[in-house]
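K.L.:
model this:
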Amino acid sequence: LFLVNLWKKIRRDALKKANLLSDLVQEKSVPTIISGLSDSRHLNIGIIGYGGRGSHLIRGAGFATKGWTDIVSENARNNKLDKQFETFMTQENLNCSLIGVCDLFDVRANQGIDASKNEIRPGGKPKTTAIRYQHYTDLLENQDIDAVIVATPDHWHSRITIDAARAGKHVYCEKGLTRTFDEAIKVYNTVKNTGITFQLGHQNRQVEANYKAKQIIEQGLLTFIVCFSIGFGQVSPLGPSNFTVQKDSIELSLPAKAMFKSLILPGWGQIQNSDPWWKPVLFAGVETIGWVSSSRYSGRAESIRRDFEAYGDIHWGLERWYIRTQTIFPDNWNDIIIGTHKLGLKVDGNYYHSDQLSELLKAYSWSDISVIRDRDFYENIGKYDQFVGGWDDEYDDPFDSEGNWWSVQKEDVESIILTKQKDYYRDLRHQSNILKHYSRYAVSVVMFNHVLSGLDAAWTANKQDKHFPELHLNYDPLNKWGVGGVGITFTW
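P.N.:
Predicted structure coming up:
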């Protein structure tokens with residue numbers, strides 16, 4: 001008897017607890033907007049973005065993957081408190097079919113198709129199987145689709161919603177709706193002008209528990225609120241750090257594959273696109289000619305560089321430069337030695353510059369001082385008058401226009417002093433530099449060929465995949481014409 005009474009008490013307490021809110025809250029009746037759903041005409045829906053939120057929303061419409069239903073049904077058998085499968089199967093049959101799935105991620109798209117044909121659902125066996133679309137505009141072109149669910153990343157929501165409304169599709173869009181106020185105005189105007197039915201998915205505002213809490217507060221059942229607490233868990237088993245990268249997630253669409261193939265090896269993407277034979281041959285030919293030309297120009301430039309450096313080593317000397325500079329510039333020779341440009345010097349393992357040469361000669365002999373023959377050395381001895389005295393030509397007047405030494409006018413501002421040895425050295429160095437430029441030009445052509453081949457491959461693949469550049473005007477409420485700019489979108 002005691003056990004019977006105890007069971008009755010427990011059951012009575014459970015019923016009281018279940019009916020507590022319904023007894024406390026006095027609800028006002030509201031007019032019925034939709035009397036029933038199952039008796040409405042059959043609705044064909046499409047999903048754009050079958051990810052975490054997309055799959056959840058599609059389950060609310062009565063479609064789940066076989067993998068999901070297998071797992072939750074097994075969980076229900078093992079744990080009677082797990083109500084996911086029961087909730088899914090007992091929801092109202094909305095008399096709809098999932099006939100279109102659009103997602104760039106192959107795994108997700110295939111899951112959406114699997115959900116469309118899974119027979120374990122409220123309402124029984126589906127009437128049809130969904131078609132997979134690579135681009136959402138292709139899905140919107142399907143005249144059999146009545147409504148779409150938009151569950152892409154947020155920055156796509158407004159654009160897809162507008163395009164769907166213009167295509168005559170009813171829209172259920174995930175939060176958040178827009179990025180900017182201007183986008184919100186565009187969505188509002190489009191929905192209003194097209195007359196479609198639109199709903200924004202603020203799920204938490206529609207949860208019964210939150211609605212009951214609002215009623216309790218409005219009816220004064222709590223007297224006054226002392227504390228309002230919100231909890232947020234930063235460690236979640238559903239957090240992105242706990243997801244593994246699936247192999248399929250790094251696969252690219254065909255246009256992107258074609259583009260990246262041609263960026264790596266010009267002509268490769270054209271082969272994937274089955275372009276005319278001359279296209280891959282042309283891009284591969286330019287690639288080959290470019291690299292061969294660059295290599296040949298670079299090789300010739302290096303050969304001449306070794307020649308002019310050896311020539312400079314033989315015909316230019318540090319001691320000769322110091323002594324002959326005093327002859328060429330008797331009044332300011334020390335200022336010329338110090339000069340504006342410097343050569344590197346090495347003495348007893350220590351490094352100095354040529355502007356310290358006069359001081360070094362007070363402590364060291366010429367045999368102790370060596371010049372560092374680096375890139376600056378070979379540039380300076382051929383370029384600047386400061387170092388002309390180091391050349392070993394038989395000396396004559398350097399300021400006339402004939403002989404072994406002469407001066408020439410450089411543009412309209414200055415003249416330079418040349419010798420036969422220096423002039424020949426400069427000519428070799430100029431040839432080497434020109435060939436180096438040609439080598440770099442050839443590499444630039446190769447790089448441009450990579451980019452051009454990649455863009456051509458992507459363009460061709462996009463045309464095959466019906467992806468064309470889109471032109472649109474940006475709305476600006478402050479502009480009297482309402483136009484804030486022109487946008488061109490190229491997608492793949």
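
K.L.:
so where is this protein shaky, pLDDT-wise?
P.N.:
Low-confidence segments of the chain, defined by pLDDT under 70: 1-40, 206, 223-225, 228-255, 411-413, 464-484, 486, 488-492.

K.L.:
quick check: buried residues in stretch 204-218?
P.N.:
residue 215 (16 or more other C-beta atoms under 10 Å). Using the backbone N, CA and C atoms, a C-beta is placed for each residue, glycine as well.

K.L.:
using PDB, list the CA coordinates for it.
P.N.:
These are the backbone C-alpha positions of stretch 204-218, laid out as PDB (Å, rounded to 0.1, in the frame of the first residue of the first chain):
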ATOM      1  CA  ASN A 204      15.000  31.900 -29.900                       C
ATOM      2  CA  ARG A 205      12.300  34.500 -30.100                       C
ATOM      3  CA  GLN A 206       9.900  31.700 -31.200                       C
ATOM      4  CA  VAL A 207      10.900  29.100 -28.600                       C
ATOM      5  CA  GLU A 208       7.900  28.400 -26.300                       C
ATOM      6  CA  ALA A 209      10.000  28.700 -23.100                       C
ATOM      7  CA  ASN A 210      11.100  32.200 -23.900                       C
ATOM      8  CA  TYR A 211       7.500  33.100 -24.800                       C
ATOM      9  CA  LYS A 212       6.300  31.800 -21.500                       C
ATOM     10  CA  ALA A 213       9.000  33.800 -19.600                       C
ATOM     11  CA  LYS A 214       7.800  36.900 -21.400                       C
ATOM     12  CA  GLN A 215       4.200  36.200 -20.300                       C
ATOM     13  CA  ILE A 216       5.200  35.600 -16.700                       C
ATOM     14  CA  ILE A 217       7.000  38.900 -16.600                       C
ATOM     15  CA  GLU A 218       4.200  40.900 -18.300                       C
END
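
K.L.:
quick one, phi/psi of the nearest residue to residue 460 once chain neighbours are set aside?
P.N.:
In space, and not counting its chain neighbours, residue 460 is closest to residue 273: 4.8 Å by C-beta to C-beta, 6 or more residues apart in numbering. In terms of degrees, to the nearest 10, the main-chain angles of residue 273 are phi -80, psi 0.

K.L.:
wait, residue 273 sits on residue 261?
P.N.:
No - using C-beta atoms under 8 Å, residue 273 makes no contact with residue 261, being 9.7 Å away.

K.L.:
now do the same contact list for the residue nearest to residue 460.
P.N.:
With contacts taken as C-beta atoms under 8 Å, 6 or more residues apart in numbering, residue 273 has the following neighbours: 258, 457, 460-461, 464.

K.L.:
residue 190 versus that one, what's the distance?
P.N.:
Taking C-beta to C-beta, to the nearest Å as the measure, residue 273 and residue 190 are separated by 36 Å.

K.L.:
overlap of the contact sets of residue 273 and residue 261?
P.N.:
With C-beta under 8 Å, 6+ apart as the test, residue 273 and residue 261 both reach residue 457.

K.L.:
name the member of the contacts of residue 273 with the most neighbours.
P.N.:
residue 457 (32 neighbours; other C-beta atoms under 10 Å).

K.L.:
what about the strands in the stretch 251-400 of the chain?
P.N.:
Assigned strands in the stretch 251-400 of the chain, in chain order: 344-347, 350-353, 369-371 (criterion: DSSP state E, counting those that start in this stretch).

K.L.:
tell me where the stretch 151-300 of the chain has helices.
P.N.:
For the stretch 151-300 of the chain, the helices identified by DSSP state H, counting those that start in this stretch occupy 157-166, 181-194, 203-206, 208-218, 254-264, 268-272, 278-315, in order along the chain.

K.L.:
turn those helices into TSV, columns for distance to residue 43.
P.N.:
Rendered in TSV, the data for these read as follows (distance: least, C-beta to C-beta, whole Å):
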stretch	distance to residue 43
helix 157-166	15
helix 181-194	18
helix 203-206	20
helix 208-218	25
helix 254-264	32
helix 268-272	40
helix 278-315	47
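
K.L.:
sorry, back to before: quick check: the two most widely separated of the contacts of residue 273?
P.N.:
Maximum pairwise distance in those, criterion C-beta to C-beta, is 10.8 Å, between 457 and 464.

K.L.:
next, count neighbours for residue 165.
P.N.:
The criterion is other C-beta under 10 Å. On that basis, residue 165 has 24 neighbouring residues.

K.L.:
same question for residue 46.
P.N.:
Other residues within reach of residue 46, judged by other C-beta under 10 Å, total 26.

K.L.:
does it touch residue 100 like I think?
P.N.:
Yes - applying C-beta under 8 Å as the test, residue 46 and residue 100 come out as touching, 3.2 Å apart.

K.L.:
so what sits against both of the two?
P.N.:
Between them, residue 46 and residue 100 share these contacting residues under C-beta under 8 Å, 6+ apart: 130, 139, 142, 145, 148.

K.L.:
quick one: the fourth one is in a helix?
P.N.:
No - under DSSP: H, G, I helix; E, B strand; the rest coil, residue 145 falls outside any helix and is assigned coil.

K.L.:
pretty sure it contacts residue 101?
P.N.:
No - Residue 145 lies out of contact with residue 101 (C-beta under 8 Å); the separation is 10.9 Å.

K.L.:
overlap in contacts of the two?
P.N.:
Once C-beta under 8 Å, 6+ apart is applied, the residues that residue 145 and residue 101 both contact turn out to be residue 46.
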